[in-house]
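> from the sequence below, what's the structure:
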Amino acid sequence: MRVVLLTQDDPFFLPKAIKKLHAGLPDDIEWVGTVLFEVSPFGKRESFFAKMKKTLDVFGLEFFIYFSLKFIISKLTPGHSVKAVLRQASIPLFTLEGSINSPENLKILSDLKADLFVSIGGNQVFKRALLDIPSQGTINLHTALLPKYRGLMPSFWVLKNQEKYTGVSVFFVDEGIDSGPIVVQKKVEIAGRTQEELIEYTKDIGMDCILEAMISIRDQSYTLIPNPKEELTYFSFPSRQDVITFKKNGALFFRWI
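Sure thing, here's the model as predicted:
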């Protein structure tokens, strides 16, 4: 089975996760290429300075300093990027200009003759012409127990809402938002984790779930789990007031030590 990954060069959580995904890949599943989107951790494509300003305005100075330092350290650490992980694994990299749904980009993706697209942190809308390219469909990782917590930043919202559990869902992508049928789903105890710890933990479990999903799709052995619209909750980008409530409820973004 031929697989193409659609992701972004997030320096915080994805290098380690994607390295694990590659290490666990069975010999008969061929990773034939990766499309890297512009980094957009909050789900919207904006300029670098717009992202910085939004981060500072919404999440506050301490958050801004902490992740700015982590970003700088990642840039100074050899091999700590998705691009570096791909180079080390000799996986071809495709950087597409403009919309992934443009005729030119659809032609590039079609020529890869993929059986399956795998989306991790994809930040563009996938239209029907794109979804029709891989013969076995497109799967996406969402770190929540769908149909609950569809949308952006589920790790933030489950902590703000003082949930005891969250989860990981790998689902077939359709033209909705996190609305396709689920292939693999795991429940996760939050257990006092910070948001940073929760993201790292669910990304790690998510790689296991993606591998399980790919193998079951290869073998045509999966049983779909419903993702009913009637039970959905949806969350978008938080406001400054949401962040204040997050902290008031005892949730932490990170630990300095």
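> what about stretch 53-69, average pLDDT?
The average pLDDT within stretch 53-69 is 94.
> contacts for that stretch, please.
Contacts of stretch 53-69 with the rest of the structure, by C-beta atoms under 8 Å, 6 or more residues apart in numbering, involve Phe12, Phe42, Glu46, Met52, Phe237, Pro238, Ser239, Arg240, Val243, Phe253, Phe254, Trp256. C-betas here are computed from N, CA, C, even on glycine.
> just how off-centre is that stretch within its chain?
The gap between the average C-alpha position of stretch 53-69 and the chain average comes to 21 Å, counting by C-alpha atoms, centre = their mean, to the nearest Å.
> stretch 168-176: end-to-end distance?
Taking C-alpha to C-alpha, to the nearest Å, the span from the opening residue of stretch 168-176 to its closing residue is 18 Å.
> quick one: the helices in the stretch 151-257 of the chain?
Applying DSSP state H, counting those that start in this stretch to the stretch 151-257 of the chain gives helices spanning 154-160, 195-219, 240-248.
> give me the number of residues near Trp54?
Not Trp; residue 54 is Lys. Using other C-beta atoms under 10 Å as the criterion, Lys54 is surrounded by 14 other residues.
> where does it fall, helix, sheet strand or coil?
Here Lys54 takes the helix state, with states given by DSSP: H, G, I helix; E, B strand; the rest coil.
> quick one: which of the helices of the stretch 151-257 of the chain is nearest Asp27?
helix 195-219 (11.6 Å; C-beta to C-beta).
> other SSEs contacting the closest one?
helix 14-23, strand 116-120, strand 138-142, helix 154-160, strand 165-172, strand 182-189 (3 or more C-beta pairs under 8 Å, 6 or more residues apart in numbering; DSSP states H and E).
> quick check: angle from it to helix 240-248?
With axes from the mean of the first three to the mean of the last three C-alpha atoms, to 10 degrees applied, the angle from helix 195-219 to helix 240-248 works out at 100 degrees.
> need the buried ones from the contacts of stretch 53-69 selected in ChimeraX.
In ChimeraX, selecting the buried portion of the contacts of stretch 53-69, with burial taken from 16 or more other C-beta atoms under 10 Å, looks like this:
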select :12,42,238,243,253
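> one step back: can you list the helices and strands packed on helix 195-219 in JSON lines and add mean pLDDT and mean neighbour count?
Shown next, in JSON lines, are the helices and strands packed on helix 195-219 (pLDDT from 0 to 100; neighbours: other C-beta atoms under 10 Å):
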{"stretch": "helix 14-23", "mean pLDDT": "94", "mean neighbour count": "19"}
{"stretch": "strand 116-120", "mean pLDDT": "97", "mean neighbour count": "23"}
{"stretch": "strand 138-142", "mean pLDDT": "97", "mean neighbour count": "24"}
{"stretch": "helix 154-160", "mean pLDDT": "98", "mean neighbour count": "24"}
{"stretch": "strand 165-172", "mean pLDDT": "98", "mean neighbour count": "23"}
{"stretch": "strand 182-189", "mean pLDDT": "98", "mean neighbour count": "18"}
